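Undergrad: The following comprises the amino acid sequence and a computationally predicted model.
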Amino acid sequence: MSDQKTSKYPPKALLRLFFRIPVYLYKLRLGWLLGKRFALINHVGRNTGKPHQVVVEIVEREEGTENVIVVAGYGEKSQWYKNLGKQKNTMIQIGNQKYPVSIDLIKPEDGEDIIARYMERYGKLTGQLFSMIGYEWDGTEIEARKIARDGLRFVRFVV
């Protein structure tokens, strides 16, 4: 098992640009192209008070509700995650639908079950995503749970 934390933060310029492209799609009213797998999050700078936006993957939808769970791949280093920690509510957009939501920062240990379910749904894609953000993963659920607990951070948006 690897004890490696994310080593690719902040992401290099090309990867940062790749991560920003979905924001521009939403600004062009083309968020529907991303389907229901991604969410645009509006957040406010915790120091500056300036508005910001980020697009992240929805890793889980809570059954019987409109609530969604997203992941901060860079964990507590993610600026948007830090900003949400200072907010109680925000607005998200999924496709063309906008939702006022309350913010629930999920405990790291609860992220373990979320990543295990994600792994069940997406299999090898899990490893590709881990690799993109700098984790070494041995392909086991035990290691995925460790990465989720020690590095990733999850946020529930309650509609």
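TA: In hand now; what should we look at?

Undergrad: Dihedrals phi and psi, V55?
TA: Backbone torsions of V55, given as degrees, to the nearest 10, read phi -110, psi 130.

Undergrad: can you check the one 4 residues further on too?
TA: Summarising the backbone geometry of V59 under the convention degrees, to the nearest 10, its torsions are phi -90, psi -20.

Undergrad: Contacts only, for it.
TA: When contacts are counted by CB atoms under 8 Å, 6 or more residues apart in numbering, V59 touches I69, V70, V71, I114, I115, Y118, F154. (Each C-beta comes from the backbone N, C-alpha and C, glycine too.)

Undergrad: got it, and W137?
TA: S2, T126, G127, F130, S131, E143, A144, I147.

Undergrad: Now render these as CSV, adding secondary structure, distance to R37 and neighbour count.
TA: Putting the contacts of W137 into CSV (DSSP: H, G, I helix; E, B strand; the rest coil; distance: CB to CB, whole Å; neighbours: other CB atoms under 10 Å) gives the following:
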residue, secondary structure, distance to R37, neighbour count
S2, coil, 27, 11
T126, helix, 14, 20
G127, helix, 18, 18
F130, helix, 18, 21
S131, helix, 19, 12
E143, helix, 24, 17
A144, helix, 19, 22
I147, helix, 21, 25
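
Undergrad: which two of these lie the greatest distance from each other?
TA: Farthest-apart pair in the contacts of W137 is S2 and T126; separation 14.6 Å (CB to CB).

Undergrad: Make CSV out of the contacts of W137 and add distance to E76 and pLDDT.
TA: Below are the contacts of W137 laid out as CSV (distance: CB to CB, whole Å; pLDDT from 0 to 100):
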residue, distance to E76, pLDDT
S2, 19, 43
T126, 21, 88
G127, 22, 85
F130, 17, 87
S131, 20, 84
E143, 20, 92
A144, 19, 92
I147, 14, 92
